[in-house]
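*Asks:* 3D model of this:
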Amino acid sequence: EVKLVEPGGGLVEPGGSLTLSCAALGFAFGSNTMAWVRQATGKGLEWVALINSGGIGSWYANSVKGRFTISRDDAKNTLYLQLNGLKTADAAMYYCATVGVSWDEYIDWGQGTQVTVSS
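*Replies:* Residues are numbered from 1 along each chain as shown. Coordinates of the predicted model:
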C-alpha cells in the first residue's frame, strides 16, 4: 500500500522559514517523480514544486521560485520542501504527491500538512 506521511507544518511569522517532509512507504520512491501541491482556504490546488527521480532536476511555480527548495533523500525515502521568506499568501495545506507520466497528473497523495503564516 502506497503511503505518503507528512508530519511538520505549523505557524510561522512572515519572512520566516519552515521545512516540510514527506515519508514515502510501500513503493519504489527513488524511481518516482515527486511534487508538492498546496491548497489555500477557499482556493483551488496549486502546484508548488517538482523533482524528478534521482533529484537531477527540479522545477518551481513562479510564485515560490527563489524562496522554496524541493529535495529528496532516496536512502531515507523522504521528500522535503524548504520554505524560506514565507508570505501570508503561502499559507495553505501542503500535500506531497507522486507524479504520473504527465507532470500535471498526481497519483498518490499525502494527508497534507497545514502551513500558517501570520504575525
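
*Asks:* quick one: the strands in the protein, in order.
*Replies:* Secondary structure of the chain (DSSP state E): strands located at 3-5, 10-12, 18-25, 34-39, 45-51, 58-60, 68-73, 78-83, 92-99, 106-109, 113-117.

*Asks:* got the ones you listed as CSV, with mean pLDDT columns?
*Replies:* Listed next are those as CSV, based on pLDDT from 0 to 100:
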stretch, mean pLDDT
strand 3-5, 96
strand 10-12, 94
strand 18-25, 97
strand 34-39, 98
strand 45-51, 97
strand 58-60, 96
strand 68-73, 98
strand 78-83, 97
strand 92-99, 97
strand 106-109, 94
strand 113-117, 97
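
*Asks:* using TSV, lay out the ones you listed together with mean neighbour count.
*Replies:* For glycine as for every other residue, the C-beta is placed from the backbone atoms N, C-alpha and C. Listed next are the strands of the chain as TSV, based on neighbours: other C-beta atoms under 10 Å:
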stretch	mean neighbour count
strand 3-5	16
strand 10-12	14
strand 18-25	19
strand 34-39	22
strand 45-51	20
strand 58-60	16
strand 68-73	18
strand 78-83	21
strand 92-99	22
strand 106-109	16
strand 113-117	18
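
*Asks:* my read: residue 6 touches residue 113, true?
*Replies:* Yes: in this structure residue 6 lies within contact range of residue 113 using C-beta atoms under 8 Å: 4.3 Å.

*Asks:* what do those two both touch?
*Replies:* Common neighbours of residue 6 and residue 113 (criterion: C-beta atoms under 8 Å, 6 or more residues apart in numbering): 20, 94-95.

*Asks:* please identify which of these is nearest to residue 117.
*Replies:* Nearest to residue 117 among those is residue 94, at 11.8 Å by C-beta to C-beta.
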